[in-house]
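S.K.: From the sequence below, what's the structure:
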Amino acid sequence: MTNEQAIELEGTIQTVLPGTMFRVTLDNQHEVLAHISGKMRKRFVRLTVGDRVRMEMSPYDLSKARITYRLR
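M.R.: Numbers count the residues shown, from 1 in each chain. Down below sits the predicted model:
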């Protein structure tokens, strides 16, 4: 495993914050602060409370994540 590999997780959006930031609860009940990835921002993907999302997280900072996909 290289040091640059991202950890992929799934969670549920709990709070919508200003500046395209979200408070997301993971499946293991931890809360992280997440922002939308560039492709989702470019395509104007809307996220609301209760949406299931897939995220990438750096192994260096486990309190922040990047939302990469909205699950159905």
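S.K.: what bridges to the closest residue to residue 20 other than its chain neighbours?
M.R.: Leaving out its chain neighbours, the residue that sits closest to residue 20 by Cβ to Cβ, 6 or more residues apart in numbering is residue 36, at 4.9 Å. In this view, the C-beta of every residue, glycine as well, is placed from N, C-alpha and C. Legend: beta-bridge partners of residue 36 under DSSP bridges are residue 67.
S.K.: Any figure for the gap between residue 36 and residue 67?
M.R.: Separation of residue 36 from residue 67 (Cβ to Cβ, to the nearest Å) stands at 5 Å.
S.K.: more crowded one of these two?
M.R.: residue 67 (24 against 20; other Cβ atoms under 10 Å).
S.K.: Let's see the pLDDT reported for the more buried one.
M.R.: Residue 67 is assigned a predicted lDDT (pLDDT) of 96.
S.K.: Looking at the backbone only, give me phi and psi for residue 9.
M.R.: Main-chain torsions, residue 9, degrees, to the nearest 10: phi -140, psi 170.
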